[in-house]
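Enquirer: My questions concern the predicted model and sequence given below.
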Amino acid sequence: MLLGKKRKLGRKIEDMATGEKLKLTENIEDKDLLLYLGLTNDGNPLYIQHDFASQTKFGKPVVPTAMLTGIVTSAVSKYLPGPGSYITEQHLKFKKPVYHYATVDFLLEVTEVNVAANEVTVRVEATDENGELVLEGKLVANPPQVLNQLTTEAMDNF
């Protein structure tokens, strides 16, 4: 039994090139924060309680950095290289906090394509609505590889 709809794999390493870019914009809404906090069971009051956050250097609730990381990894899974890709390494630096209701622009750029290792290196930057850098870094991902095509015979085991 297969769950969900059948999807095409993302691009293979041979189809990728240095300099490719992906730009996307995310609006951070309450529903997104509540879903993240519920999913992770992260009870840090800095993320949701205005009275608590007002006592900190941030002054108001901030978006969890792991949630921003999730947006980046989702972009890799959906678009660059796409479905079937796998992140093997990432280094992200969070330059300044992102606050609730922010609009964040993400830019991902392929900086290296290693066909022999089936790896792409992607530079990542994100800016807030004021154009200020909030996140920068890089990641390494393996684009999808088809080793054996599934046959109906192979599917009989499910």
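Expert: Received, thanks.
Enquirer: So which residues of this structure form strands?
Expert: Using DSSP state E, the strands of the chain run over 21-27, 86-94, 103-114, 119-127, 133-142.
Enquirer: neighbours of the closest residue to Gly10 other than its chain neighbours, just the number please.
Expert: For Gly10, the nearest residue in space outside its immediate sequence neighbours is Gly82; the separation is 2.1 Å by Cβ to Cβ, 6 or more residues apart in numbering. C-beta coordinates here come from the backbone N, C-alpha and C atoms, glycine included. Neighbour count for Gly82, taken as other Cβ atoms under 10 Å: 21.
Enquirer: Sketch out the low-pLDDT regions of the chain for me.
Expert: Applying pLDDT under 70 to the chain flags the ranges 1-7, 148-158.
Enquirer: which helices and strands does the helix ranked longest in it pack with?
Expert: If you go by DSSP state H, the chain has its longest helix at helix 65-78. In terms of contacts (3 or more Cβ pairs under 8 Å, 6 or more residues apart in numbering; DSSP states H and E), helix 65-78 is packed against strand 21-27, helix 30-40, strand 86-94, strand 103-114, strand 119-127, strand 133-142.
Enquirer: helices or strands up against the longest one?
Expert: Counting contacts by 3+ Cβ pairs under 8 Å, 6+ apart, strand 103-114 packs against strand 21-27, helix 65-78, strand 119-127, strand 133-142.
Enquirer: My guess is Leu135 contacts Phe94. True?
Expert: Yes: contact criterion Cβ atoms under 8 Å: Leu135 and Phe94 qualify, at 5.6 Å.
Enquirer: Glu29 contacts Tyr101, correct?
Expert: Yes: here Glu29 reaches Tyr101: they are 7.1 Å apart, a contact under Cβ under 8 Å.
Enquirer: joint contacts of these two?
Expert: Shared contacts of Glu29 and Tyr101 (Cβ atoms under 8 Å, 6 or more residues apart in numbering): none.
Enquirer: what residues does stretch 125-135 touch?
Expert: Contacts with stretch 125-135, where a contact means Cβ under 8 Å, 6+ apart, come from 68, 72, 92-98, 102-107, 124, 136.
Enquirer: same thing but 7 Å
Expert: With Cβ atoms under 7 Å, 6 or more residues apart in numbering as the contact definition, stretch 125-135 has outside contacts at 68, 92, 94-96, 98, 102-107, 124, 136.
Enquirer: Many thanks, I have nothing further to ask.
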